[in-house]
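Q: with the input below, show me the fold.
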Amino acid sequence: MSDAPAADNPRRAEAARPARATLRSLAPPEHDAQRAAAMIVHSVSVTVSGGRASVSVEVRQEGEQSVGVAEGACAGNAIERLVAEATLRAVAGIDRDAGRVAIDAVTVAPAGSRSVATAVLVHGEEPFVGVSVIGPGGVADAVARAVVDALARRSASS
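A: Alright, predicted model coming up:
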């Protein structure tokens, strides 16, 4: 047998390598089930008349659907906030814990060459942030998706 270093002896170099470990997912097993059962925004409707707005948001999850409605004045960014409130109410129809969440802020702002809607929600003292790019569905749709995104982050961390 040779006393040559492992680098000079290819067979010895192979034997000196550690065995490859099998990779395993760090996500909990129920993570894939949660992803399959994601809440989606199905429709958003905004009606403005006489300085007041009425907003209706429908969400769906698996075979369930729920509609939330919010009404109020439509000055400033009030419509975006009404969309957020209607979305929270719709989600609470499926996920009762969403009824304990409050809206802290809703903003629409540029992000590079795009605009995004951001929703900051709070549950107790803990904030949850969701964001959505404003696409063909418009600002109201993006706000509703940002609220659902924030609620999904709340669910994932609890």
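Q: could you say what helices and strands whichever strand or helix holds residue 54 packs with?
A: In the assignment (DSSP states H and E), residue 54 maps to strand 52-61. When contacts are defined as 3 or more CB pairs under 8 Å, 6 or more residues apart in numbering; DSSP states H and E, strand 52-61 sits against strand 40-49, strand 64-73, helix 78-92, helix 138-157. Backbone N, C-alpha and C define where each C-beta goes, glycine included.
Q: can I get the ones you listed in TSV including mean neighbour count and mean pLDDT?
A: TSV is the format used below for the helices and strands packed on strand 52-61 (neighbours: other CB atoms under 10 Å; pLDDT from 0 to 100):
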stretch	mean neighbour count	mean pLDDT
strand 40-49	15	96
strand 64-73	16	97
helix 78-92	24	97
helix 138-157	22	89
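Q: how about TSV for those, with distance to residue 110 added?
A: TSV is the format used below for those (distance: least, CB to CB, whole Å):
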stretch	distance to residue 110
strand 40-49	21
strand 64-73	26
helix 78-92	15
helix 138-157	13
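Q: go ahead and name everything in contact with the strand holding residue 54.
A: Residues outside strand 52-61 that contact it (CB atoms under 8 Å, 6 or more residues apart in numbering) are 37-47, 65-74, 78-79, 82-83, 85-87, 89-91, 93-95, 140, 144, 148.
Q: now it, how far from the centre of its chain.
A: Centroid separation for strand 52-61 versus its chain: 17 Å, with CA atoms, centre = their mean, to the nearest Å.
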